[in-house]
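Visitor: sequence first, then the predicted structure, then my questions.
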Amino acid sequence: MKSTREKLFDHFDDEVVEKLRVTREHSEAYLNRYEQWLWAVTQFGLKGHAVFNDSAPVFHLKTNPFTNIKIPAGIYKLQKNVTDAHTYRIGHPLAQALIQQARELDTPEKLLTFDYTNTQSRISILETLVGKQGHLAVYNFTVSALEDEDYIIHTGITDDGKLLDSDQCMRLLSIPVKNEISINGSLNIKVLDDIQKKKRSGIINDIAEKNAVFFEEEMDKLDRWAEDRKKSLEIHIKDLDMAIKQQKTMSRKVARLEEKVDLQRKIKVMEKKRTDLRRKLFDAQDEVEKQKDNLLDEIETKMQQRIKIKELFRIHWKLV
């Protein structure tokens, strides 16, 4: 069974493997795509500073490569529920420092030859690209309004003009590089730039649609809250109206002056309470209008987007 399972996994497409439900034992050691990327960045960034366990997502940090942040030495595990080591995840200060360092690396233009033929994994979306070459660039796109939203834009094209989608670009970059050659000025920058501009426009449109949905949902919440508040206050006012009416009827029926005075005092108290409730009703309506104004101001701020695009790297690629 173990041999059969290994053979199956060796021949499954990577896309399929990522979606398979594995056993609990395997799932603990199985890394999802983002963890794999983090692990690769960590291995690259900690060369000479840490010893890595190839059979498990564990490394022993010997020395801290960053002088500006305090990172303790010791065992780190990219796992959940860790009790005998440091828990390593993307939010860890060491991981964040390594990611930032990777973003700022100097990446001169090169021709990279990716060795798919000798790769054990099968990646069907790359098979049509074997024997071809082309250009690829990766950009960091940031949209800033009330908050920052970061996106990675992949652009790629073959020399014969076939565009690569984002999945193909990401999968291509997961293949081991057989060799690299330095080049100068041979990349078709304008084509890649046009592709990223088109993808960037798509992201901005998606954000606008998301904000529109957010706006409608928030307005609906305010309207429902206002309606509930209004109904609640109106019910209380209606109940007081009935009580006041009953007290006035009783006041007309009693003969003794003392009882009439006592009932009239009670009626005055209830009338004051009714007046206060009516005032609260108007105040609640004013509060809703104020919150709607604040929401409109917030949406207008989101509409005033500040965008920033940064090219992380570009390459000429060949897949063999």
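Guide: Nice, I can see it. Residues are numbered from 1 along each chain as shown.
Visitor: shaky segments in this structure?
Guide: In the predicted model, the chain carries pLDDT under 70 at residues 1-2, 5-31, 145-146, 185-188, 302-303.
Visitor: domain assignment for it?
Guide: Domain ranges of the chain: 31-103, 109-320, per automatic domain parsing.
Visitor: can I get those domains in TSV including distance to T4 and mean neighbour count?
Guide: The way it works is simple: take the backbone N, C-alpha and C, and place the C-beta from them, glycine included. Output for those, formatted as TSV (distance: least, Cβ to Cβ, whole Å; neighbours: other Cβ atoms under 10 Å):
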stretch	distance to T4	mean neighbour count
domain 31-103	21	14
domain 109-320	17	14
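Visitor: quick one: the helices in the protein?
Guide: For the chain, applying DSSP state H gives helices covering 2-11, 14-19, 24-29, 33-45, 93-103, 124-127, 166-172, 189-253, 257-303.
Visitor: coming back round to it: for the domains of the chain, give me TSV that also has distance to S3.
Guide: Formatted as TSV, these follow (distance: least, Cβ to Cβ, whole Å):
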stretch	distance to S3
domain 31-103	19
domain 109-320	15
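Visitor: ok so, going back, so which of the helices of the chain comes closest to A73?
Guide: With Cβ to Cβ as the measure, helix 93-103 is the member of the helices of the chain nearest A73 (10.9 Å).
Visitor: now for the closest one, which elements pack on it?
Guide: With contacts defined as 3 or more Cβ pairs under 8 Å, 6 or more residues apart in numbering; DSSP states H and E, helix 93-103 has these neighbours: helix 33-45.
Visitor: and the helix it packs on, how far out from the chain's middle?
Guide: Distance of helix 33-45 from its chain centroid, counting by Cα atoms, centre = their mean, to the nearest Å, is 19 Å.
Visitor: could the helices of the chain be laid out in JSON lines, adding distance to D159?
Guide: Below are these laid out as JSON lines (distance: least, Cβ to Cβ, whole Å):
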{"stretch": "helix 2-11", "distance to D159": "30"}
{"stretch": "helix 14-19", "distance to D159": "25"}
{"stretch": "helix 24-29", "distance to D159": "40"}
{"stretch": "helix 33-45", "distance to D159": "28"}
{"stretch": "helix 93-103", "distance to D159": "28"}
{"stretch": "helix 124-127", "distance to D159": "16"}
{"stretch": "helix 166-172", "distance to D159": "14"}
{"stretch": "helix 189-253", "distance to D159": "11"}
{"stretch": "helix 257-303", "distance to D159": "41"}
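Visitor: any idea which of the ones you listed gets closest to L112?
Guide: Proximity to L112 (Cβ to Cβ) singles out helix 166-172 among the helices of the chain, at 9.4 Å.
Visitor: who touches that closest one?
Guide: Helix 166-172 is contacted from outside by 14, 114, 123, 125-126, 129, 136, 138, 153-156, 164, 317, 319, using Cβ atoms under 8 Å, 6 or more residues apart in numbering.
Visitor: before we move on, what about stretch 177-195?
Guide: With contacts defined as Cβ under 8 Å, 6+ apart, stretch 177-195 is touched by 108-115, 135-137, 155-157, 163, 314-316, 320.
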